[in-house]
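Asks: coords please:
(one chain, ligands or ions: 2)
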Amino acid sequence: MSTALHTAKLSVLITVLLLIASAVVATPSVAQTPDTALYVWIRDTFAFAGQEIHLPVMISNLRDTIAAYQIQYTVDRPNMMFFTDSLMPDTIIACANPPSCTVLDTVVDTVLKTMVDTQTTQTAPWEYVAGRNLGDPGLIRVTAIADLTGDHKPAGIPPGTTDAVLIKMIAFVFCPPDPFGGGQVQLLPTTLNNDFSDLHGNLIVPLSTRRATITILDPVPGDLDYSGTSDVMDVVTMCGCAFENQCPTCGAVSADFNCDHVTDVFDVIFLIEYVFAGGPPPGC
Ligand SMILES: [Ca+2]
Ligand SMILES: [Ca+2]
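Replies: Ligands and ions are numbered 1, 2, ... in the order given. Below you'll find the model as predicted:
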């Protein structure tokens, strides 16, 4: 398939999905009842250059059951950090009469999806979750629907669920970070398309629209796996680098610990002495 044709196909599929998802999330079946007893936010946090981070979107849901949502965020410095995406199979919902959709109403195709982490989150048991890159660097939308099959399972997020993780958005911090960026990235929630709905399709508009700040920290000497500390796992990574040429790709952390311009077994020894024997810190 040609690139242009493939791109056009993806565009059509994404458009169809977004239209359908919008209809499922935003179309009220009864009169809209604005409900502001919902708070959505991302905590300020930090990340290391080269690190993949799973950013938890937090909620306090006080008054109604949440059965579907769309959230949309922008990274203000996509040259420092971006939402991780990948070509992967996706279920396209071609259902005209939700929630009475069945498996026959779905189509599976390969599309560019933004990666999200639902493990140990409120969205974990939900039947539909999709992240989309909306075209601009650093702009994504996550759409989730609890029950597609109409059996009311899972039931959604009940009221009284406070300070809980709704979903985690996966982002990657470039290495090295933008030297002109001041070391901080802002995550901006968009006011448009940040909607939740209850079991009856009523819109629930969250109160919070605050931005979150991700502070990019300087690399830690010897921290080859970008975990924030130098420990035995970095020695393992260093062995792969010295003996199998599988060196970290992030230029912010050099594996030439003894500064002799080659990466070899002596750098492994240097790191071991630093981690386990109080030797000098790696770096030049
Ligand atoms: Ca480490
Ligand atoms: Ca060396």
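Asks: contacts only, for Gly150.
Replies: Contacts for Gly150 were tallied using C-beta atoms under 8 Å, 6 or more residues apart in numbering; they are Pro99, Ser100, Cys101. Where C-beta positions appear, they are placed from N, C-alpha and C, glycine not excepted.
Asks: from those residues, which is closest to ligand 2?
Replies: Distance ranking of the contacts of Gly150 against ligand 2, using C-beta to the ion, places Cys101 first at 58.8 Å.
Asks: give me phi/psi at that closest one?
Replies: Phi and psi for Cys101, reported as degrees, to the nearest 10, are phi -80, psi 150.
Asks: how does the chain divide into domains?
Replies: Domain segmentation of the chain under automatic domain parsing yields 3-217, 219-284.
Asks: and the contacts of Gly150, which of them are buried?
Replies: Buried residues within these, counting neighbours by 16 or more other C-beta atoms under 10 Å: Pro99, Cys101.
Asks: let me see the ranges of the helices in this protein.
Replies: 3-26, 232-244, 265-277 (DSSP state H).
Asks: those: lowest mean pLDDT?
Replies: Mean pLDDT is lowest for helix 3-26 out of the helices of the chain, coming in at a mean of 47.
Asks: the nearest residue to Asp117 once chain neighbours are set aside - how many residues pack around it?
Replies: Among residues not flanking Asp117 along the chain, Lys168 sits closest, at 3.9 Å (C-beta to C-beta, 6 or more residues apart in numbering). A count of nearby residues for Lys168, using other C-beta atoms under 10 Å, gives 20.
Asks: partners of Lys168 in the sheet?
Replies: Note on Lys168: beta-bridge partners by DSSP bridges are Pro56, Asp117.
Asks: can you redo the domains of the chain as JSON lines with distance to ligand 2?
Replies: Shown next, in JSON lines, are the domains of the chain (distance: least, C-beta to the ion, whole Å):
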{"stretch": "domain 3-217", "distance to ligand 2": "19"}
{"stretch": "domain 219-284", "distance to ligand 2": "4"}
